[in-house]
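S.K.: Show me the folded form of this:
(chains A and B)
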Amino acid sequence: MATKSIKIRAKLKDDVVTVKALMSHPMETGNRKDSKGEIIPAHFIQEITCTSSGKEVIDAQWSGGISKNPYISFKYRGAKEGDELTLTWVDNQGNSASATAKVS
Amino acid sequence: MKTDLKRRLLLKGSVATSTIGIAIGAGLLSPTTVLAAWPKEAFAAKDIPGALNALLGADNAEESDAIKIKAPDIAENGAVVPVTVSTTLTGAESIAIIAANNPVPLIANFDLKEGAEGFVSSRIKMGKSGDVIAVVKADGKLYKAAKEVKVTIGGCGG
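M.R.: Here you go, the predicted structure:
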């Protein structure tokens, strides 16, 4: 999937970086049926990792209970302006994508 | 003679590792085997104690005022319920978000690494009205807080 599927922003204020990210993903639980009554196979992001300047900041494990086109926000310390923050997701079908933002 | 043997072992080893690399690259190994961190059992559990035991190794979480859950009182659309969990507990290691009445209650777990603050926000699906529970692991102990959310349209039936 293209890297454009992730929008990410990292803002520094009073030593704390606030990260906000939006991903495009169907997040199918595997419980839903389509119009023909056939089960739509599960397709959701399982794991998200964020690293700041090579150091892991957060590691999230998700189920299909996260909404479609997921949003995530978190905060961390120990970064300065211009540092790079990378977010990577991997879904249950083995797809992955990542995006990088500069702390501003 | 001896060096020759070592050289052979080294060659053998490098061939073996590159084969695994190719296998992963070709998608022969399923991603779940590579992603060992994803707690499959916790996400398969149909009840909260089962999920917590599989995820954190215990289910005896203590109620705590130091955990705040921000979520709407009434969610008009259960498919998208914004939830923010913040905690002032020191030494917070992880935050788990649970929807008590969902078929799979455990929604997400966030492992907070070095430097991460006790704050996560996301949007979750809720099948019907019920408690949103946040379980925070801090200094090896479990703490929890809950907030009731009324759902007027379910999120799991589509």
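S.K.: Count the residues that sit near residue B:63.
M.R.: Per other Cβ atoms under 10 Å in any protein chain shown, the neighbour tally for residue B:63 reads 9. For the C-beta atoms, the positions are set from N, CA and C on the backbone; glycine is no exception.
S.K.: so it makes contact with residue B:135?
M.R.: No. Counting by Cβ atoms under 8 Å, residue B:63 stays clear of residue B:135, with 10.9 Å between them.
S.K.: what sits in contact with each of these two?
M.R.: B:143, B:144 (Cβ atoms under 8 Å, 6 or more residues apart in numbering or on different chains).
S.K.: quick one, strands of chain A?
M.R.: A:6-13, A:16-23, A:45-52, A:55-62, A:71-77, A:84-91, A:96-102 (DSSP state E).
S.K.: so can I have CSV of the ones you listed showing distance to residue B:77, mean pLDDT and mean neighbour count?
M.R.: Output for the strands of chain A, formatted as CSV (distance: least, Cβ to Cβ, whole Å; pLDDT from 0 to 100; neighbours: other Cβ atoms under 10 Å in any protein chain shown):
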stretch, distance to residue B:77, mean pLDDT, mean neighbour count
strand A:6-13, 22, 95, 16
strand A:16-23, 17, 96, 20
strand A:45-52, 20, 95, 22
strand A:55-62, 19, 94, 22
strand A:71-77, 14, 96, 20
strand A:84-91, 23, 95, 20
strand A:96-102, 26, 94, 16
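S.K.: Distance to chain B added to those, as TSV?
M.R.: Formatted as TSV, those follow (distance: least, Cβ to the nearest Cβ, whole Å):
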stretch	distance to chain B
strand A:6-13	12
strand A:16-23	6
strand A:45-52	5
strand A:55-62	4
strand A:71-77	4
strand A:84-91	6
strand A:96-102	8
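S.K.: Out of these, flag the one nearest residue B:144.
M.R.: strand A:55-62 (18.2 Å; Cβ to Cβ).
S.K.: re earlier: which one of the strands of chain A lies nearest to residue B:81?
M.R.: strand A:71-77 (11.3 Å).
S.K.: quick one, that closest one and strand A:55-62 angle?
M.R.: Inter-element angle recorded for strand A:71-77 and strand A:55-62: 150 degrees (by axes from the mean of the first three to the mean of the last three Cα atoms, to 10 degrees).
S.K.: Note down every partner strand of strand A:71-77 and its orientation.
M.R.: Partner strands and pairing direction for strand A:71-77 (DSSP bridges) are strand A:16-23 (antiparallel), strand B:116-124 (antiparallel).
S.K.: any chance of those in a markdown table, with distance to residue A:48 too?
M.R.: Below are the strands paired with strand A:71-77 laid out as a markdown table (distance: least, Cβ to Cβ, whole Å):
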| stretch | distance to residue A:48 |
| --- | --- |
| strand A:16-23 | 8 |
| strand B:116-124 | 10 |
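S.K.: Kindly reformat the strands of chain A as CSV containing distance to residue B:120.
M.R.: As requested, these are exported to CSV (distance: least, Cβ to Cβ, whole Å):
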stretch, distance to residue B:120
strand A:6-13, 15
strand A:16-23, 10
strand A:45-52, 11
strand A:55-62, 8
strand A:71-77, 5
strand A:84-91, 14
strand A:96-102, 18
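S.K.: so which of these gets nearest residue B:113?
M.R.: Among the strands of chain A, the nearest to residue B:113 by Cβ to Cβ is strand A:55-62 (4.7 Å).
S.K.: could I get that closest one in CSV with only the CA atoms?
M.R.: Included here for strand A:55-62 are C-alpha records, laid out as CSV according to Å, rounded to 0.1, in the frame of the first residue of the first chain:
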residue,chain,number,x,y,z
LYS,A,55,14.1,4.6,19.6
GLU,A,56,10.8,2.8,20.0
VAL,A,57,8.2,5.1,21.7
ILE,A,58,5.0,3.1,21.5
ASP,A,59,4.0,-0.4,20.3
ALA,A,60,0.3,-1.0,19.9
GLN,A,61,-1.6,-4.2,19.3
TRP,A,62,-5.0,-3.9,17.8
